[in-house]
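Based on what follows, work out the 3D shape:
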Amino acid sequence: VVGDDNAAVALANDSHYGLGGSVWTQDSARGRRLASAIETGMVFINSQSDTSAELPFGGVKRSGYGRELSDLGIKEFANQTLVVVAG
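Alright, predicted model coming up:
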């Protein structure tokens, strides 16, 4: 049990891992604020972790780097070129 939202986010982020998490609340705006502050690859509001082919999947910290699935995942296999035109 923590005292407030800031303490909850601090506790959630106090981990070497960051694959996914969930926020449970009746206030969806509060849930979005908390979800955006949690350091994980995926955060679900009022549901447990889930995935499907159209959603990116992946973590941060020691839970991985990059994303699988969706358009973000396919970009992991593409070499992109930066072109700069001066003047």
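
give me the low-pLDDT residue ranges for this structure?
49-51, 53-54, 56-57, 59, 63-70, 72-74, 76-77 (pLDDT under 70).

For the chain, which segments count as helices?
5-13, 28-37, 70-74 (DSSP state H).

For the second one, output the C-alpha coordinates as PDB.
Think helix 28-37. This file holds the C-alpha atoms of helix 28-37, laid out as PDB (Å, rounded to 0.1, in the frame of the first residue of the first chain):
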ATOM      1  CA  SER A  28      -9.800   6.900 -16.900                       C
ATOM      2  CA  ALA A  29      -7.900  10.300 -17.100                       C
ATOM      3  CA  ARG A  30      -6.000   9.300 -13.900                       C
ATOM      4  CA  GLY A  31      -5.300   5.900 -15.400                       C
ATOM      5  CA  ARG A  32      -3.800   7.500 -18.500                       C
ATOM      6  CA  ARG A  33      -1.700   9.900 -16.400                       C
ATOM      7  CA  LEU A  34      -0.300   7.000 -14.300                       C
ATOM      8  CA  ALA A  35       0.200   4.800 -17.300                       C
ATOM      9  CA  SER A  36       2.300   7.400 -19.100                       C
ATOM     10  CA  ALA A  37       4.600   7.700 -16.000                       C
END
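
So which elements touch that helix?
helix 5-13, strand 20-23, strand 42-45 (3 or more CB pairs under 8 Å, 6 or more residues apart in numbering; DSSP states H and E). C-beta here means a position set from N, CA and C on the backbone, and glycine is covered the same way.
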